[in-house]
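S.K.: this one's sequence-less:
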């Protein structure tokens, strides 16, 4: 049983480490870090924008980290929020990509497509679907484990 645990943890950890390395190397060429990439990715899929709370949930980061990331991306001209009458209204407003952000997200998508194509290698579409389904099931079960 311990071999199964060790193999599972080793593979999951190694996958995560490689994904972080690739995000750092590939997205670094665009001036982006890991969380920047994920925020821009999700915003590119939601043209009307997303709240910081929704972004935090999607990127699986705490809200403070996402707030810092959004502020950085805003200073870089990649995202914007409608200006509100109050400070709190501004931070509840949806975050949206700017024109520059849309261009950067499109370049990110090209990089992501290339990486996924290389990583998928010889997997048939049905094999890839089964793999993603299995990983999703494992994640759901792990998330359901309580103290």
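M.R.: In hand now; what should we look at? These numbers were taken from a predicted model, which means no experiment stands behind them.
S.K.: quick one: contacts for residue 62?
M.R.: residue 56 (C-beta atoms under 8 Å, 6 or more residues apart in numbering). In short, each C-beta sits where N, CA and C put it, glycine included.
S.K.: State the pLDDT value of it.
M.R.: Looking at residue 62, its pLDDT is 93.
S.K.: Do you know the pLDDT at the residue nearest to the spatial centre of the chain?
M.R.: In the chain, the C-alpha nearest the mean C-alpha coordinate belongs to residue 38, at 2.7 Å (C-alpha atoms, centre = their mean). On the pLDDT scale, residue 38 is placed at 93.
S.K.: wait, isn't it in contact with residue 59?
M.R.: Yes: at 4.1 Å, residue 38 counts as touching residue 59 under the criterion of C-beta atoms under 8 Å.
S.K.: Helices along the protein, start to end?
M.R.: Taking DSSP state H to define them, one finds helices in the chain at 2-28, 34-44, 52-59, 63-75, 87-92, 99-120, 125-144.
S.K.: Least reliable of those by average pLDDT, please.
M.R.: The stretch with the lowest mean pLDDT among the helices of the chain is helix 87-92, at a mean of 65.
S.K.: rewinding a little: find residues that contact each of residue 38 and residue 59.
M.R.: Overlap of the contact sets of residue 38 and residue 59 (by C-beta under 8 Å, 6+ apart) is empty.
S.K.: ok so, going back, I'd like to know which of the helices of the chain is closest to residue 81.
M.R.: Closest to residue 81 of the helices of the chain, according to C-beta to C-beta: helix 87-92, at 5.9 Å.
S.K.: I appreciate the help and will end here.
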